[in-house]
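1. Starting from these lines, generate the structure:
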Amino acid sequence: MSKKMILALVEDYDSTSVLTSMHEAGFPVTRIDSSGTLLRSGTSTLIVAVDDIDVDGVIKLINQDCVPKANPFKKRATIMVFDLDHFEQIT
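-> Modelled structure (predicted):
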């Protein structure tokens, strides 16, 4: 089974609920504090490596936990999915 890497850029105030949901669902996730957009607002970059079949589930969790914005032009999250040529966990 092949693996995918998901990079999700979410607002800081959404990151805690997204992280909690992912941990509860059993998806290992890493959070990196970042900044972006014109006003350099606080964002978090979430990195998740999952099997192909779990990609839709992770995206669904992100959608559920990101708060809808009052400004319809502001993005709730940006999600990128990459194929992984190599995946290894060292214990």
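2. Which of the helices and strands in the protein ranks last by mean pLDDT?
-> Among the helices and strands of the chain, strand 29-36 carries the lowest confidence by mean pLDDT, DSSP states H and E, at a mean of 86.
3. Report the buried residues of that one.
-> Burial within strand 29-36, assessed by neighbour count using 16 or more other C-beta atoms under 10 Å, is assigned to 29, 31. For glycine as for every other residue, the C-beta is placed from the backbone atoms N, C-alpha and C.
4. Could you list the buried residues of the next helix or strand after that strand?
-> Moving toward the C-terminus from strand 29-36, the next helix or strand (DSSP states H and E) is strand 41-51. Under the neighbour-count criterion of 16+ other C-beta under 10 Å, strand 41-51 has 43-46, 48-50 buried.
5. With respect to residue 83, which of these is nearest?
-> residue 49 (11.2 Å; C-beta to C-beta).
6. who's in contact with that closest one?
-> 3-6, 28, 84, 87 (C-beta atoms under 8 Å, 6 or more residues apart in numbering).
7. hang on, the earlier thing: elements contacting the least confident helix or strand of the chain?
-> Judged by 3 or more C-beta pairs under 8 Å, 6 or more residues apart in numbering; DSSP states H and E, the packing partners of strand 29-36 are helix 12-25, strand 41-51.
8. please redo it, this time with the cut-off set to 10 Å
-> Under the contact criterion of 3 or more C-beta pairs under 10 Å, 6 or more residues apart in numbering; DSSP states H and E, strand 29-36 touches strand 3-11, helix 12-25, strand 41-51.
9. Okay then, goodbye and thanks.
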